[in-house]
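K.L.:
quick one, structure for this:
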Amino acid sequence: MKLSAMLPLVVLAAIGNLASGASPGNAPPLPITGTRIVNVSTEAQLQTAMGNLQSGDTILLADGTYNLTSTLYINGWNNVTIRGSAGSTNVVLAGKGMNNTNYGNVPFGIWSNGTNTTIAHLTIRDTWDNEIIFNTGAQSPLVYCVTLLNAGSQFIKSNPTDVTNGLGVNNGVVEYCWFDYTGSPPGDHGTGVGYFNGISAHAAQNWIVRGNLFKNLHNPDSAAYLWNPAVLFWNHSVNTLTEQNTFLNVDRAVAYGLQNTTPFFDHAGGVIRNNFVCLVPGLMSASRSAGSDGSLIAWNSPGTQIDHNTVLLNGNEFYAVEFRFATTTNGTARNILADAPIHLRDSATATLNSNLVTAVPGMFVNPLAADLHLLASATNAIDKGITLSTVTNDFDGDRRPRGASSDIGADEFTTNAPPRITNLRLSGSNCVLSFTTFLGESYDIQRAADTTGSTWSLVANNLPGTGGDPQVTDTNVTGQPERFYQARLSP
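P.N.:
Sure, this is the predicted structure:
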């Protein structure tokens, strides 16, 4: 009997992995929840809603620009959400200008001392001081899919209650946000020209900074502050996780600790992993570069793991990673891919393993745009790292390892090319199919009785790619009038 008679239609489909769809400033919308949903469409309505605020309120802003007449204060209320519907650019909260001394009642964008404050799906821009600030009483804030532009000081500030005892705002999450200066950074607001950070948190515990873009947080040589960290956790902070972020043209990417404080550590523990850092050639002057140190730093921060980051400095700074001070012990720098060395300074100690510090721009997809995904030609990084139980995915969330060993750097190389069924035939009562594979990838074969209402079921899963066209046998298929098959990358 002919195959076409047994299987009059065979779908030779290949389905790739579906990404989460999340990127800085454009992440899947959070569910709209709250004890009360308060809809507003004008700035006057927004201020009225803030004046009548209750715990549990969700202020849902219609699309549009809201020229603020007052900072939005969440003062003494818990479980409050201020948000747009989706994305981050449809709703804009505008201050009176980053350098406008006549800022009036709008020094900040949103101010909170409440627990479980959520700020999502909007833009905050052009404020004299912080665009978001958390003060004593605040805990577990979530800043999700927010664009933050042109802050006159720190874009997000988390203040301490008691630094000596390590009391501050804990369990914060900053996820899928976009931080950017669209022109020059701020002037002198009283503390010197260029006083800013993307995030500055004091005495903060267990924060997560994930999937964000920090762009153009760069001061000119004339500024008072030449090495502002885009992400700064210090003054007795503990256990910060910074992962899967992109840092493009920033003066310093991440700092866990800055000061050699006593009797407490400036920071302790924490992880910096799977980040892209890129400075374009010539960003810093030669004299400024001569006074540089590191882009990812752990200073007075014991037990900090700095693993699987890709750092392309193009000669602007001396060190990709730096550990500093004798109190900085038991740290790690592993599987770092960089064009600058790793430095142990002032008696700091750390385990350095499987790092490649001779990276060149030609190893990456689009280095000038900080797209530091590996090209297939980057064979000195692909499968050359050590496999760490503490790092099981990469910059994109793809699992590690995909080959014989983990790749060095933040990206685990994958072609993402979907498999293709190349042959399908009957063998007795069985169906035998072949499909294309890449070495290091894993594949699933699925079947269904039709392509509309049927559920796809597994024939085989997690089949290792060989680089060839392996065969898979589906047994006892002749009792079916038709059957459909698809090959796909394993999730």
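
K.L.:
for the closest residue to T35 other than its chain neighbours, the count of nearby residues, please.
P.N.:
Closest residue in space to T35, ignoring its immediate chain neighbours: G56 at 3.0 Å, by C-beta to C-beta, 6 or more residues apart in numbering. Every residue, glycine included, has its C-beta placed from N, CA and C. A count of nearby residues for G56, using other C-beta atoms under 10 Å, gives 15.

K.L.:
list the contacts of G56.
P.N.:
Neighbour list for G56: 34-36, 78-80 [criterion: C-beta atoms under 8 Å, 6 or more residues apart in numbering].

K.L.:
tell me the two of these that are most distant?
P.N.:
R36 and N78 (13.5 Å; C-beta to C-beta).

K.L.:
looking at the two, which is more packed in?
P.N.:
Neighbours per residue (other C-beta under 10 Å) separate R36 from N78, with N78 holding more: 18 against 13.

K.L.:
show me the shaky parts of the protein.
P.N.:
Applying pLDDT under 70 to the chain flags residues 1-21, 416-417, 451-454.

K.L.:
now the helix of greatest length in it: buried residues?
P.N.:
The helix spanning the most residues in the chain, taking DSSP state H as the definition, is helix 43-51. Buried positions in helix 43-51, judged by neighbour count with 16 or more other C-beta atoms under 10 Å: 43, 45-47, 49-50.

K.L.:
sorry, back to before: relative to V231, which of the contacts of G56 is nearest.
P.N.:
Nearest to V231 among the contacts of G56, counting by C-beta to C-beta, is V80 at 25.2 Å.

K.L.:
the closest one touches T115, doesn't it?
P.N.:
No. With contact defined as C-beta atoms under 8 Å, V80 and T115 do not form a contacting pair (9.3 Å).

K.L.:
who touches the residue lying closest to A298 once chain neighbours are set aside in this structure?
P.N.:
Excluding its sequence neighbours, the residue lying closest to A298 (C-beta to C-beta, 6+ apart) is T304, at 4.0 Å. Contacts for T304 (C-beta under 8 Å, 6+ apart) come out as 256, 267-272, 298, 323, 328, 331-332.

K.L.:
just the CA atoms of whichever helix or strand I59 is part of, as CSV, please.
P.N.:
Assigned by DSSP states H and E, I59 falls within strand 57-61. Only the C-alpha atoms of strand 57-61 are listed here, as CSV (Å, rounded to 0.1, in the frame of the first residue of the first chain):
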residue,chain,number,x,y,z
ASP,A,57,-6.3,50.8,44.7
THR,A,58,-5.2,50.4,41.1
ILE,A,59,-5.0,53.7,39.2
LEU,A,60,-5.4,52.8,35.6
LEU,A,61,-4.4,55.5,33.2
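
K.L.:
who does that strand pair up with?
P.N.:
In the sheet, strand 57-61 lines up against strand 36-40 (parallel), strand 81-83 (parallel) (DSSP bridges).

K.L.:
please identify the most buried of those strands.
P.N.:
strand 81-83 (a mean of 25; mean count of other C-beta atoms under 10 Å).

K.L.:
from the chain's centre, how far out is it? Work that out for me.
P.N.:
Distance of strand 81-83 from the chain centroid (C-alpha atoms, centre = their mean, to the nearest Å) equals 21 Å.

K.L.:
also stretch 74-89?
P.N.:
21 Å.

K.L.:
report the separation between T182 and A120.
P.N.:
22 Å (C-beta to C-beta, to the nearest Å).

K.L.:
which of the two has more neighbours?
P.N.:
Just comparing T182 and A120: by other C-beta under 10 Å the higher neighbour count belongs to A120, 25 against 11.

K.L.:
I figured that one hits L142, correct?
P.N.:
Yes. Contact criterion C-beta under 8 Å: A120 and L142 qualify, at 7.2 Å.

K.L.:
for the stretch 251-400 of the chain, what spans make up the helices?
P.N.:
Secondary structure of the stretch 251-400 of the chain by DSSP state H, counting those that start in this stretch: the helices cover 286-290.

K.L.:
neighbour-wise, which of V80 and T115 wins?
P.N.:
Taking other C-beta under 10 Å, V80 and T115 do not tie; V80 has more neighbours (25 against 17).

K.L.:
and S184, how far is that from N26?
P.N.:
S184 sits at a distance of 26 Å from N26 (criterion: C-beta to C-beta).

K.L.:
ditto for S457
P.N.:
Here the criterion is C-beta to C-beta. By it, S457 lies 34 Å from N26.

K.L.:
more crowded one of those two?
P.N.:
Shown here are S457 and N26; by other C-beta under 10 Å, N26 has more neighbours (16 against 9).

K.L.:
apart from its neighbours in sequence, what residue is nearest that one?
P.N.:
G87 (5.8 Å).

K.L.:
following the record's annotation, map out the domains of this protein.
P.N.:
3-17+418-489, 36-374 (automatic domain parsing).

K.L.:
so what's I445 up against?
P.N.:
So I445 contacts 433, 435, 458-461, 463, 472, 474, 485-487 (C-beta under 8 Å, 6+ apart).

K.L.:
return the subset of these lying in strands.
P.N.:
In strands, defined here by DSSP state E, the members of those are 433, 435, 458-461, 463, 472, 474, 485-487.

K.L.:
re the thing from before, buried deepest among the domains of the chain, which one?
P.N.:
For the domains of the chain, the highest mean count by mean count of other C-beta under 10 Å goes to domain 36-374, at a mean of 21.

K.L.:
so what's the gap between that one and the chain middle?
P.N.:
A distance of 11 Å separates the centroid of the chain from that of domain 36-374, by C-alpha atoms, centre = their mean.

K.L.:
circling back to that earlier point, got the angle between the longest helix of the chain and strand 57-61?
P.N.:
Angle, helix 43-51 to strand 57-61, by axes from the mean of the first three to the mean of the last three C-alpha atoms, to 10 degrees: 170 degrees.

K.L.:
my guess is L93 contacts D126, does it?
P.N.:
No. The criterion here is C-beta under 8 Å, and L93 misses it with D126 at 9.4 Å.

K.L.:
what's across from the residue nearest to N380 when sequence neighbours are not counted in the sheet?
P.N.:
Using C-beta to C-beta, 6+ apart and skipping residues adjacent in sequence, the residue nearest N380 is L356, 6.4 Å away. When bridges are called by DSSP bridges, L356 pairs up with L337.

K.L.:
wait, doesn't L356 sit right on L337?
P.N.:
Yes. L356 lies in contact with L337 (C-beta under 8 Å); the separation is 5.3 Å.
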